[in-house]
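Asks: Output the structure for:
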Amino acid sequence: MNEHNLIPFSERSESEARELGSKGGKKSGESRRRKKNMKQIMDMLLQMPAGTSADWNFLNEIGIDLNELDEELVNNMLVVNAAVLAKAKAGDIAAVKELRDIIGDNAALKHKIRNDNAWLALEREKLSPPVRELGKYHGVPSSLIAPSFSAVHFDIQEHEHTEYVFPGGRGSTKSSFTGLELVDILMQHEQMHALVLRQYSNTLKDSVYAQIKWAIAALDLEDEFTCTKSPLEITRVSTGQKIYFRGADDPDKIKSIKPEFGYIGVLWLEELDQFHGSEEVRKIEQSAVRGGDTAFIFKTFNPPKSAHNWANKYVKIPKVSRLVTESNYLSVPRKWLGAAFLEEAEYLKETNPNAYEHEYLGVPNGSGGNIFDNVTVREITDEEISTFDNIMNGVDWGYYPDPFAFVRVHFAAAQRTLYIWDEYTSNKQSNQQTAKAIRDRGITDNDLITCDSAEPKSVGDYRSFGLCARAAEKGPDSRSYSYKWLQSLKEIVIDNRRCPVSCEEFLGKEYERDRNGEIISGYPDGNDHCIDAVRYATERKWKKRGQ
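Replies: Coordinates of the predicted model:
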């Protein structure tokens, strides 16, 4: 080292200081020029075409359709950016931040990597300040969440839905994820308590109670909670928040829960399919979740084999406030499951593919005896309805206990698709009242209505009110024939919000079985008033030759 360089400027002459400053300025300028030149060279190199087959193969492997791109766009810049994206999707947080710098923190980036743990970790950075104010707790680590639930965690943090339903096969981590989220919500909402339910109280301790104890330990919160077995409860020490455990087989114990402060804002129904139908579940929700504006309801279950088990049908019906997330073990890191689990899954896959599909993939692939396999439940938009040009109307008479049922449908013959887009049902209404009700729905004197012929007087009443009503022709085996025609359609589309009764009837219609469980031929009667109205409405279609 040159010791002369160590002499401070304060001890140098004015001319020496000026000379050294000049040298430094020249060096700095030279450095800036070199950096500028290097940047220009790098920009030029990045704009050059991707020159190796490895580059093209890499782009193809990550899903870029090179046939859709102009060759001039396939340059080194594309390869570099694609590599950054691939790292981000694999969980590299630095790569995620780099992507944000490249394209901005916008909807495009969210769409690309939202379902990956990298995105989850990035979003947690945004959400972390209010959580950290609670103390040492920093939220659920992304390392504890399987990729299939990463986007759901983000949804819960933003409270985009109230109800979260998780049907899934063995090893899908749906219950582990729910336990983590339940604890996380309580840590962020100090006025909330949680209620965890199974159908039978004697199954709680070794399942959901143990699951939440695991979640508390995984989140390093064992000092924050105390767990008791009598009563079966978990209490947050610093706030007094409670996690209650109850069985639906004792509804009085559910109603009797009265927290000392706040309200029950988190409800978890484990093994949903074991509850006695959607009505029981609705009553539980009404009894348990009350007193606050914000609530989180979780429902987890392994889908029963029958596609038409009530729980399987429940998740098919869309609801704005509900998010359904299906999952299976294939999206879970292998090290979480262990070699024994994976070996057993592979063995069953080879020896009994049907059982593997049901148990491990969560597919309800059994014969449920459902009559209509071609039902699709979805919204039918006003724009779609405005294009309907083959509208038919049907009425099934009823008063009480059988309801009156009116439906409007559209048949797209070329697509062999029937749209059920309007209905009206009622009890204890006169013909004059129901006539007014369907007029209020837009029915005019020129709209043909095909009615059940079992009540000629009622058909006459409608005509006297100015409606264009006719009696269905029916005839021998007409019921069986119309059912077969409906079954033969490519699709029966039902808007469950506009037509909830029709939706329930079509999804719930099953063949009867004998004492040995064998299906009995024929179409059972009952709970089919909207179905009958649809049959009458479409009578002139299915009675045509060749239909």
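
Asks: where do the strands sit along the stretch 101-250 of the chain?
Replies: 163-167, 192-198, 225-229, 232-236, 242-247 (DSSP state E, counting those that start in this stretch).

Asks: do the same with the stretch 351-500 of the chain
Replies: Under DSSP E, counting those that start in this stretch, the stretch 351-500 of the chain gives strands at 375-377, 391-396, 404-412, 417-426, 448-451, 468-471, 491-494.

Asks: Can I get the ones you listed in CSV including distance to residue 158, mean neighbour count and mean pLDDT?
Replies: (Glycine included, C-beta is placed from N, CA and C.) Shown next, in CSV, are those (distance: least, Cβ to Cβ, whole Å; neighbours: other Cβ atoms under 10 Å; pLDDT from 0 to 100):
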stretch, distance to residue 158, mean neighbour count, mean pLDDT
strand 375-377, 26, 17, 89
strand 391-396, 41, 24, 97
strand 404-412, 37, 24, 97
strand 417-426, 32, 22, 97
strand 448-451, 47, 21, 97
strand 468-471, 51, 17, 96
strand 491-494, 30, 22, 94
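
Asks: Distance to residue 295 for these - can I get that in TSV?
Replies: Putting the strands of the stretch 351-500 of the chain into TSV (distance: least, Cβ to Cβ, whole Å) gives the following:
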stretch	distance to residue 295
strand 375-377	25
strand 391-396	38
strand 404-412	34
strand 417-426	30
strand 448-451	43
strand 468-471	47
strand 491-494	28
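
Asks: Quick check: mean pLDDT of stretch 301-312?
Replies: The average pLDDT for stretch 301-312 rounds to 83.

Asks: Pull the contacting residues for residue 541.
Replies: Residue 541 makes contact with 392, 411, 413, 485, 547, according to Cβ atoms under 8 Å, 6 or more residues apart in numbering.

Asks: any chance of the strands of the stretch 101-250 of the chain in TSV, plus distance to residue 476, mean neighbour count and mean pLDDT?
Replies: Compiled in TSV, the strands of the stretch 101-250 of the chain are given as follows (distance: least, Cβ to Cβ, whole Å; neighbours: other Cβ under 10 Å; pLDDT from 0 to 100):
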stretch	distance to residue 476	mean neighbour count	mean pLDDT
strand 163-167	43	23	97
strand 192-198	51	24	96
strand 225-229	66	13	95
strand 232-236	62	18	96
strand 242-247	52	21	95
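
Asks: So which residue is dead centre in the chain?
Replies: residue 324 (2.5 Å; Cα atoms, centre = their mean).

Asks: ok, that one touching residue 161?
Replies: No: contact criterion Cβ atoms under 8 Å: residue 324 and residue 161 do not qualify, at 9.7 Å.

Asks: partners of residue 236 in the sheet?
Replies: Beta bridges link residue 236 to residue 225 when assigned by DSSP bridges.

Asks: so it touches residue 225, yeah?
Replies: Yes: judged on Cβ under 8 Å, residue 236 makes contact with residue 225 at a distance of 5.5 Å.

Asks: hang on, the earlier thing: and the residue nearest to the centre of the chain, how close does it get to residue 318?
Replies: Applying Cβ to Cβ, to the nearest Å, the value for residue 324 to residue 318 is 9 Å.

Asks: Then residue 508?
Replies: Relative to residue 318, residue 508 is positioned 17 Å away (Cβ to Cβ).

Asks: Then residue 487?
Replies: Taking Cβ to Cβ, one finds residue 487 at 23 Å from residue 318.

Asks: Among the strands of the stretch 351-500 of the chain, which comes closest to residue 270?
Replies: strand 375-377 (25.2 Å; Cβ to Cβ).
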